[in-house]
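Asker: my questions are about this predicted structure, shown below with the sequence.
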Amino acid sequence: MSTTDFLVIWLSCFGFILACRVLPVLVLQGRSLSPRVEEALSYIPTAVFAALVANDLIGPDMFSQGVWSGLMPLLASAVTLLIARKTHSMLWCCVGGIAAYLVLSLI
């Protein structure tokens, strides 16, 4: 690939990404959204976080090194979920999840 081809592709991608991020702000500036749209947009952070967590927990090769090594992250996440339900604290979720993973890796 030549430098010119690379620059054309890079600038095209840059322009498209910039347009996707800037145009909605410029178009919707000063306007209020309907309650249905605001409710739909409120689900985006939760969906993105769930996709990131699921991507780290579940994979096609999660059991390639054995059943236990595939189940450890799932069990640690279950412990973290229980801590989250009980305490509603991000700090205790992090501490509990790391501790659960550490204890499970020592077994």
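Answerer: Structure's in. What do you need?

Asker: against residue 36, how distant is the residue nearest the centre of the chain?
Answerer: The chain has residue 52 as the residue nearest its centroid, 2.7 Å off, counting by CA atoms, centre = their mean. Going from residue 52 to residue 36 by CB to CB, to the nearest Å gives 26 Å. C-beta here means a position set from N, CA and C on the backbone, and glycine is covered the same way.

Asker: in what helix or strand does the residue nearest to the centre of the chain lie?
Answerer: Per DSSP states H and E, residue 52 falls inside helix 44-57.

Asker: quick one on the thing from earlier: got a list of what the residue nearest to the centre of the chain touches?
Answerer: By CB atoms under 8 Å, 6 or more residues apart in numbering, the contact list for residue 52 is empty.

Asker: again with residue 33
Answerer: residue 41.

Asker: next, it: secondary structure please.
Answerer: coil (DSSP: H, G, I helix; E, B strand; the rest coil).

Asker: for it, grab phi and psi.
Answerer: phi -90, psi 160 (degrees, to the nearest 10).

Asker: would you map out the domains in the protein?
Answerer: The chain breaks down into these domains under automatic domain parsing: 1-31, 45-106.

Asker: what about the strands in the protein?
Answerer: Here the chain has no strands by DSSP state E.

Asker: determine the longest helix present in this structure.
Answerer: Assignment by DSSP state H gives helix 3-28 as the longest helix of the chain.
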